[in-house]
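K.L.:
here's my sequence, what's the structure:
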Amino acid sequence: MTARTILRNANVLTGDKQLGKATVVLEGNRIVSVETAPVKGREGDRDIYLAGKTVMPGMVTGHYHASYWNIGVAPAPFGLEVPPALHVAHAIHNLGTTLDCGFTSAISAGAPYAIDASMKIAMDEGIVRGPRLVACGNDLSSTGHSNDMTHPWYWELGNSGSIRRCDSPSEYRKGVRAEVKAGSEMIKLFVTGGHGVASPKERMEMWEKELKAAIDTARERGVGSRGHIANRATILLALKLGMDIIDHGDGFDEACIEAMVGTSQSLVPSIFFPQEVLRCWDIKDKGQMQADFDEMAAIIPKANAAGVRILLGDDYGAAGVPHGRYAEEMALYVAIGIPPLD
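P.N.:
Predicted coordinates:
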């Protein structure tokens with residue numbers, strides 16, 4: 001008979017309701033029952049009395065960078081701030097921290113050197129601790145986009161760090177295929193400027209035909225697509241073209257809500273990270289960033305009430321904002337009017 005672990009006097013959250021005082025019975029690594037009535041013990045059981053502590057499903061972070069630590073802040077090209085091996089070391093540390101914070105799944109928004117794909121193998125082999133991970137690789141965008149402007153042109157770098165430059169629909173198709181070959185399950189596109197990068201939020205960094213080619217190729221190869229987008233018109237365009245995840249979403253409004261409701265597309269707004277940027281960074285557009293945050297804080301409860309799929313997650317690790325600050329972000333969601341179980 002399989003040995004059981006019994007969690008007694010637990011405050012159980014199922015994801016959509018609170019059971020209150022309950023008993024959770026596990027056999028091996030599977031939950032076999034959740035009971036509000038007393039559970040009779042048997043020989044060999046391991047009883048754990050939780051005294052009202054909470055038992056809940058593992059959480060999912062929808063915008064995740066395993067290797068981020070001050071990336072893009074040091075005076076170096078994006079993704080070349082430290083040696084590749086140190087990026088890997090940060091990823092190992094951050095993955096363990098994420099799991100310790102109760103996040104058992106993460107959807108990546110980018111990592112250089114195919115780190116995510118390698119970490120998935122390492123976690124499967126049991127040599128690295130971390131959540132289930134949807135792997136993402138280099139950011140795709142055009143020559144001269146914001147993250148391609150962190151070094152002078154005459155450096156002629158052979159290593160492009162965290163970016164993959166593409167300058168036509170055919171190059172985007174090839175870029176997506178190359179990322180999938182390297183193990184990416186999610187394709188990250190830098191579609192506009194804005195939201196903490198140097199170029200203005202109104203600027204599209206890609207042509208519409210390029211964006212369509214990238215999204216279509218990702219879909220054809222069975223992987224997802226997501227985009228750094230910070231203006232209303234481009235959000236609507238990306239939704240029309242079938243992008244799976246809108247990151248940041250500055251400019252999100254009622255028209256965007258209407259376009260998203262009833263679809264499987266998701267919004268990952270930035271709630272916590274902009275506050276850290278405003279506190280820590282010496283940037284020229286603090287007023288604009290605060291205005292963008294205020295607009296997002298006002299529209300998110302409306303989007304949530306309408307049924308828009310909203311995911312938790314942000315650029316943790318950039319600018320020294322540590323992974324593991326998830327509780328603060330969830331508190332901000334509650335503060336602007338989204339119930340904690342949504």
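
K.L.:
contacts, neighbours, all on C-alpha from now
P.N.:
OK.

K.L.:
what's the average pLDDT for the longest helix seen in the chain?
P.N.:
If you go by DSSP state H, the chain has its longest helix at helix 286-306. In this model, helix 286-306 has an average pLDDT of 86.

K.L.:
after that helix, which helix or strand is next? Please name it.
P.N.:
strand 309-310 (DSSP states H and E).

K.L.:
direction included, what does that next one pair against?
P.N.:
strand 266-269 (parallel) (DSSP bridges).

K.L.:
circling back to that earlier point, and the longest helix of the chain, what other elements does it pack with?
P.N.:
helix 254-260, helix 273-280 (3 or more CA pairs under 8 Å, 6 or more residues apart in numbering; DSSP states H and E).

K.L.:
ranking those by mean pLDDT, which is last?
P.N.:
Looking at the helices and strands packed on helix 286-306, the weakest mean confidence is helix 273-280, a mean of 72.

K.L.:
which strands or helices does that helix pack on?
P.N.:
Taking 3+ CA pairs under 8 Å, 6+ apart as the contact cut, helix 273-280 packs with helix 286-306.

K.L.:
what about the helix it packs on, distance to the chain center?
P.N.:
Distance of helix 286-306 from the chain centroid (CA atoms, centre = their mean, to the nearest Å) equals 18 Å.

K.L.:
for stretch 314-323, same thing?
P.N.:
Centre to centre, stretch against its chain (CA atoms, centre = their mean), the figure for stretch 314-323 is 12 Å.

K.L.:
got the contact list for that stretch?
P.N.:
62-65, 67-73, 94, 97-98, 268-273, 276-277, 280-281, 325 (CA atoms under 8 Å, 6 or more residues apart in numbering).

K.L.:
can you check stretch 115-130 too?
P.N.:
66-67, 88, 91-92, 95-99, 104, 108, 132-133, 135-137, 182-184.

K.L.:
likewise for stretch 195-212?
P.N.:
Contacts of stretch 195-212 (CA under 8 Å, 6+ apart): 141-142, 145-147, 167-170, 172, 190-194, 229-231, 234, 238, 241, 248, 250, 289.

K.L.:
restricted to buried residues, select those in ChimeraX.
P.N.:
Per 16 or more other CA atoms under 10 Å, the buried members of those correspond to this ChimeraX selection:
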select :141,142,145,146,147,168,169,172,190,191,192,193,194,229,230,231,234,238,241,248,250,289
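
K.L.:
just the ones in strands from the contacts of stretch 195-212, please.
P.N.:
141, 190, 229, 248 (DSSP state E).

K.L.:
turn these into CSV, including distance to Asn304 and pLDDT.
P.N.:
Converted to CSV, the ones in strands among the contacts of stretch 195-212 look like this (distance: CA to CA, whole Å; pLDDT from 0 to 100):
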residue, distance to Asn304, pLDDT
Ser141, 30, 95
Phe190, 25, 96
Ile229, 19, 97
His248, 15, 94
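
K.L.:
tell me the one of those nearest Ala255?
P.N.:
When the ones in strands among the contacts of stretch 195-212 are ranked by distance to Ala255 (CA to CA), Ile229 comes first, at 15.5 Å.

K.L.:
touching, the closest one and Leu236? I think so.
P.N.:
No: Ile229 is beyond contact range of Leu236, at 10.1 Å (criterion: CA atoms under 8 Å).

K.L.:
quick one: secondary structure of the closest residue to Ile92 other than its chain neighbours?
P.N.:
Of all residues not flanking Ile92 in the chain, Val128 sits nearest, at 6.6 Å (CA to CA, 6 or more residues apart in numbering). Following DSSP: H, G, I helix; E, B strand; the rest coil, the label given to Val128 is coil.

K.L.:
tell me the confidence at Val128?
P.N.:
pLDDT, Val128: 97.

K.L.:
if I've got this straight, Thr23 is in a helix?
P.N.:
No: Thr23 is assigned strand when assessed by three-state DSSP, not a helix.

K.L.:
residues contacting it?
P.N.:
By CA under 8 Å, 6+ apart, the contact list for Thr23 reads 6-10, 34-39.

K.L.:
which one of these is nearest Ile300?
P.N.:
When these are compared against Ile300 (criterion: CA to CA), the nearest one is Ala10, at 32.0 Å.

K.L.:
residues contacting the nearest residue to that closest one once chain neighbours are set aside?
P.N.:
Of all residues not flanking Ala10 in the chain, Gly52 sits nearest, at 4.8 Å (CA to CA, 6+ apart). If you count contacts by CA under 8 Å, 6+ apart, Gly52 has them with 9-11, 21.

K.L.:
among those residues, name the ones in strands.
P.N.:
9-11, 21.
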